[in-house]
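Novice: Provided below for reference: sequence and predicted model.
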Amino acid sequence: MNLLLFLASAIIIFLVAALYSLKRQIKYILLQIKEMNEGESNKYLSISLINNDIIELAAEFNRKIESEEELRRNVIDHETRLKESIANISHDFRTPLTSIIGYIQLLEKSEIDEFQRRNLNIISKKSYELKNLVDVFFELAVLESNETDLSFNRINIGNLISDIILENIQMLEKANLNLEFNIPDNSCFICADEKMFRRIMQNLISNAVKYSTKDVKISLVKKDSIQIKIKNSIGLTEDINTERIFERFYMEDKSRSKKGTGLGLAIVKLLTEKMDGTIMAESENGYLEIVIEFKAIS
């Protein structure tokens, strides 16, 4: 009897130990899966328990992980090749376009009748529109290729924005827009690439001029961070889709009557994030406000 009791106790202890070990292993596998889902790990599942069912379960997971990893690599490779192709095609387009525009300029200087000049003006306008589109495609492809070198410097953001506005004042006046510009009395500094920041502001001002119906407000707000706000009237009774406004090729004006490319704000978002900034948009009561935020430095 004592022997049977001892054997039963030993079996119970063994089963409890095996169950405890199995539970620990399951928790360990679950922890690894959670880390994968949260992007904290891309390793295969590892196990230490000698159990055929658990081993087979982990093996199936690992096969799935390997399959998804291969798919991810293929997608990245495809996107890389696509971006390179767009950059190459855009570059190849630029050379003949430059020649075409050059010949158009020569024809404009020649003696032609009014009918020919009117047609030539149309050709010239469409050629420049195509050139602008090709240039934007090329710029976006280069920026997304991560081949752009950044040169970060301490920048007085208030002074820089003032200069950029002065450079664009004629464009704003030509569009008959009311400009309101507000900056703090104290100097505000950020660490950024000046060339890229100029491109951001140029795109935002051009976008405001292109789509604004009456007024544009540019303001600089200094809190824990530096916020640059560009607000303009858009002449729409309904709010625009701000969740998609920074997508490539997205245009709220489906008729494309404004002759935009749908890439200007996508470039703004890309440049902002490359300089560790954030960007958001709000639409309310016929106004669109875009807010860019950078870390303030002393």
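Specialist: The structure has been received and is ready for your questions.
Novice: Confirm residue 195 sits in a helix?
Specialist: Yes. Assignment of residue 195 by DSSP: H, G, I helix; E, B strand; the rest coil places it within a helix.
Novice: Relative to residue 191, how far out is the residue nearest to it when sequence neighbours are not counted?
Specialist: When the adjacent residues along the chain are set aside, residue 195 lies closest to residue 151, with 7.4 Å between them (CB to CB, 6 or more residues apart in numbering). C-beta: built from backbone N, CA, C; applies to glycine. Shown here: residue 151 relative to residue 191, a distance of 11 Å by CB to CB, to the nearest Å.
Novice: residues contacting the residue nearest to residue 195?
Specialist: By CB atoms under 8 Å, 6 or more residues apart in numbering, the contact set of residue 151 is 193, 194, 195.
Novice: Recalculate using a threshold of 10 Å.
Specialist: Taking CB atoms under 10 Å, 6 or more residues apart in numbering as the definition of contact, the neighbours of residue 151 are 192, 193, 194, 195, 196.
Novice: Could you do residue 278 as well?
Specialist: With contacts defined as CB under 10 Å, 6+ apart, the neighbours of residue 278 are 225, 227, 269, 272, 291, 292, 293, 294, 295.
Novice: State the phi and psi torsions of it.
Specialist: For residue 278, the backbone dihedrals (degrees, to the nearest 10) come out as phi -130, psi 160.
Novice: partner residues bridging it?
Specialist: Under the criterion DSSP bridges, residue 278 forms beta bridges with residue 293.
Novice: so what pLDDT did it get?
Specialist: Reading off the per-residue confidence, residue 278 sits at a pLDDT of 92.
Novice: just the one 10 residues further on next, same as before
Specialist: The pLDDT attached to residue 288 in the predicted structure is 86.
Novice: farthest pair in the contacts of residue 151?
Specialist: Set against one another by CB to CB, the contacts of residue 151 have their most distant pair in 192 and 195, with a gap of 9.6 Å.
Novice: List the residues that are in contact with both of these two.
Specialist: Shared between the contact lists of residue 192 and residue 195 (criterion: CB under 10 Å, 6+ apart) are residues 150, 151, 271.
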